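Colleague: Here's my sequence, what's the structure:
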Amino acid sequence: MEIRKGTKADLPQALELIRELALYEKAPEQVDNSVERMEIDGFGDNPVFEFFVAEEGQHIKGIAIYYYRYSTWKGKSIYLEDLVVRESERGSGIGKKLLDAVVLEARNTDSRQVTWQVLDWNEPAIGFYKKLGAELDGEWINCRLNHEQILNYKA
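Modeller: Below you'll find the model as predicted:
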């Protein structure tokens, strides 16, 4: 098993994993991303995300998608958007290896923290993160405007 930075060639399998995650999270209809959009967003003039892959042979078993953000209290930070391991591979240590890669990236880029979210009903993931010593904060409420709301926003 090799953990490495993701490339354009990995995007079709990465999107497969994103769809698998959406199915697991009971929201497959929410994914409207595409390989083409991911190419622009990850490898265009102004990349907004990076990712690691866990690969065995030519098969990607897991991905960790992240981006840099700025915390006004802490400084440069990494936000882990998704950590996905194929269902058939869960429990094999791939998730830990991918998270290790993200944490090492944070260390190597002098990022002050790594943050992410987990659904409150996802007990396996919550247990995994607790076992690693992560702080789980139930105090903050997530807010978002979807694409349609952005287009119809009255500024």
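Colleague: Now the one residue sitting closest to the centre of the chain: which helix or strand?
Modeller: By C-alpha atoms, centre = their mean, the mean C-alpha position of the chain lies nearest to D82, the distance being 2.0 Å. D82 is part of strand 75-85, with elements assigned from DSSP states H and E.
Colleague: Moving along the chain from that strand, name the first helix or strand you hit.
Modeller: Next along from strand 75-85, by DSSP H and E: helix 94-108.
Colleague: which regions of the chain lie under the pLDDT threshold?
Modeller: Counting by pLDDT under 70, the chain contains no low-confidence segment.
Colleague: can you give me the helices in it?
Modeller: Under the criterion DSSP state H, the chain contains helices at 11-24, 35-43, 94-108, 123-131, 147-151.
Colleague: now for those helices, which one comes closest to A54?
Modeller: helix 94-108 (4.7 Å; C-beta to C-beta). For every residue, glycine as well, the C-beta is placed using N, CA and C.
Colleague: What are the contacting residues of the closest one?
Modeller: 1, 3, 50, 52, 54, 61-64, 66, 77-78, 80, 83, 85, 111, 113-114, 128, 132 (C-beta atoms under 8 Å, 6 or more residues apart in numbering).
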